[in-house]
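>>> need a structure here:
(2 chains)
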Amino acid sequence: MSMINANITEIQSVDSLNIVSFDFLGTTLKMMSLDLNAEMQVGRKVVLNVKPFHITIVKEFYGDISYSNKLNAVVKSCENGELLSSVKLLVNGVVFESIITKELALKMELKIGDNVIVMIKANDLSIQEVLND
Amino acid sequence: MIKIDINKKLHGASGDMNLSVSLSVKDNEFVALSGKSGSGKTTLLRILAGLEESDGVIEVDGEVWQNSKRSLSPQKRRIGFVFQDYALFPNMSVLENLLYVVKDRNLAERLLEITELRELRNRLPNTLSGGQKQRVSLCRAMMNRPKLLLMDEPLSALDSEMRMKLQREIKVLHEEFGTTTIMVSHDASEIYRLASRVVVLDVGKVINDGTPKDVLLKTSGSQKFSFEGELLDIVKVDVIYIAIISIAQQLVEVVVSSEESKQLIIGQKVSVSTKAFTPIINQ
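This is a model prediction of the structure:
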């Protein structure tokens, strides 16, 4: 699981539905969520998490795509199993892990040092904890 | 090997039913017996113990405990029985309760050591906690080195910490003595930790028989994270709908689309599931 330290910058709400924006070292992230805890307010520091199965790796992308979160990343390692591959990626100095099929990892020829884009849908991002200032 | 093939008419709260069970239990096997209340679990244990009559055959390692001609008395069957309510002799000390079964002091000391009761060996049962009393009953059930250990929800009256401790001790005893064991239990974590096989009874019949994972893992298609609940409400928010569902005394919310929401009826039983890749475990 990837853990991301970020600050809440904006909360848009309709009834119990919220879109929360975060600043993650200069990059904006967006999260879709139902009711938020009282402590989840603009300005608070939080730890975000995302499961490795929900991180998409994109190479040479052109055009629009319905992913709210697009981050520039560098491939740090790629460990192949029998069927799956665990790809570690560096984003703003933070390690993200993506687990994809080995078939895809080989087809994409992922190598250490490759520049890629990491994409995460807004509903796949969640707040792990709110940090005390 | 224990062969069970018995029949008995029962008069339960929901009418008459026929308890009809045919099972083979291997040596050293640890079988959990599960099922709704009134499904015949306790009656089956009592029949095996010789405390209730039934038609049919019970054979243990080639020795007939019961057939159409005869039935061994409970004392002559090599069984240990652990009840939910301890059933200790109140006027005897812990050690005397054990030695009453068989005067084998070495075995008694060994059992008290495994269950960490040595310091309490001279105490009377009414000075012990529930967990300690149940450990004494367990030791006592092992004193005649039973061929078959029967336990009827032995841990259900204990708090969760004490339950885990006794589960560990039951496991150690089972590994050390290799006693074939049948335990009535409803607790999935207890069954997973202790049993190698689960037999599920319903209205007197075996409806499921397999490994704990095969029997207990709730699946729905390829979804491995599945719970039964009751749909309490559906609330429209923006273009999505939120289904509020009660599962095991908790409320959960699941986001559904407009199309999905049209299929659902408030008050109905639903199963909520997701793939094993999605949930996050917090400590």
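>>> can you give me the offset of stretch A:54-62 from its chain's centre?
12 Å (C-alpha atoms, centre = their mean, to the nearest Å).
>>> Mind listing what's buried along it?
A:His54, A:Ile55, A:Thr56, A:Ile57 (16 or more other C-beta atoms under 10 Å in any protein chain shown). For the C-beta atoms, the positions are set from N, CA and C on the backbone; glycine is no exception.
>>> who's the last one bridged to?
I take that to be A:Ile57. Beta-bridge partners of A:Ile57, counted by DSSP bridges, are A:Val118.
>>> Spell out which residues of chain B are next to chain A.
B:Val235, B:Val237, B:Asp238, B:Ile240, B:Ile242, B:Glu253, B:Val255, B:Phe277, B:Thr278, B:Ile280, B:Asn282 (C-beta under 8 Å from any C-beta of the partner chain).
>>> Buried among those residues? Make that a ChimeraX selection.
A single ChimeraX command is used to select the members of the residues of chain B next to chain A judged buried by 16+ other C-beta under 10 Å:
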select /B:240,242
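>>> Output the residues of chain B next to chain A as a markdown table; include the columns pLDDT and secondary structure.
Below are the residues of chain B next to chain A laid out as a markdown table (pLDDT from 0 to 100; DSSP: H, G, I helix; E, B strand; the rest coil):
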| residue | pLDDT | secondary structure |
| --- | --- | --- |
| B:Val235 | 93 | strand |
| B:Val237 | 91 | strand |
| B:Asp238 | 87 | coil |
| B:Ile240 | 89 | strand |
| B:Ile242 | 93 | strand |
| B:Glu253 | 93 | strand |
| B:Val255 | 92 | strand |
| B:Phe277 | 85 | coil |
| B:Thr278 | 87 | coil |
| B:Ile280 | 87 | coil |
| B:Asn282 | 86 | coil |
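>>> Nearest the geometric middle of chain B, what residue?
Nearest residue to the geometric centre of chain B (C-alpha atoms, centre = their mean): B:Ser185, 1.7 Å.
>>> Quick one: name the residues of chain A near chain B.
Proximity of chain A to chain B (C-beta under 8 Å from any C-beta) is limited to residues A:Met1, A:Val14, A:Asp15, A:Ser16, A:Leu17, A:Leu34, A:Asn49, A:Lys51, A:Phe53, A:Ser126, A:Gln128.
>>> at 6 Å instead, please
Proximity of chain A to chain B (C-beta under 6 Å from any C-beta of the partner chain) is limited to residues A:Val14, A:Asp15, A:Ser16, A:Leu17, A:Leu34, A:Phe53.
>>> and the last one, how many neighbours?
Translated: A:Phe53. 17 (other C-beta atoms under 10 Å in any protein chain shown).
>>> And the first one, by the same measure?
The burial metric for A:Val14, expressed as a neighbour count using other C-beta under 10 Å, is 11.
>>> what's the distance between the nearest residue to it once chain neighbours are set aside and A:Leu17?
Spatial nearest neighbour of A:Val14, excluding adjacent residues (C-beta to C-beta, 6 or more residues apart in numbering or on different chains): B:Asp238 at 4.8 Å. Computed as C-beta to C-beta, to the nearest Å, the B:Asp238 to A:Leu17 distance reads 5 Å.
>>> didn't B:Gly40 look like it was pressed against B:Gly204?
Yes. The criterion here is C-beta atoms under 6 Å, and B:Gly40 meets it with B:Gly204 at 4.6 Å.
>>> Overlap of the contact sets of those two?
Counting by C-beta atoms under 6 Å, 6 or more residues apart in numbering or on different chains, the common neighbours of B:Gly40 and B:Gly204 are B:Leu19.
>>> what residue is smack in the middle of chain A?
Central residue of chain A (C-alpha atoms, centre = their mean): A:Ile120, 4.9 Å from the mean position.
>>> ok, that one touching A:Leu71?
No. Shown here, A:Ile120 and A:Leu71 do not form a contact pair, counting by C-beta under 6 Å, at 7.8 Å.
>>> Now do the contacts for B:Glu253.
A:Leu34, B:Ile242, B:Ile244.
>>> Let's have these in CSV, adding distance to B:Glu190.
Converted to CSV, the contacts of B:Glu253 look like this (distance: C-beta to C-beta, whole Å):
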residue, distance to B:Glu190
A:Leu34, 34
B:Ile242, 35
B:Ile244, 31
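>>> Go through these and say which is closest to B:Tyr100.
If you rank the contacts of B:Glu253 by distance to B:Tyr100 using C-beta to C-beta, B:Ile244 comes first, at 56.4 Å.
>>> Would you mark the buried spots in stretch B:56-73?
Buried positions in stretch B:56-73, judged by neighbour count with 16+ other C-beta under 10 Å: B:Gly56, B:Ile58, B:Glu59, B:Val60, B:Trp65, B:Gln66, B:Ser71, B:Leu72.
>>> which SS state does B:Asp85 fall under?
coil (DSSP: H, G, I helix; E, B strand; the rest coil).
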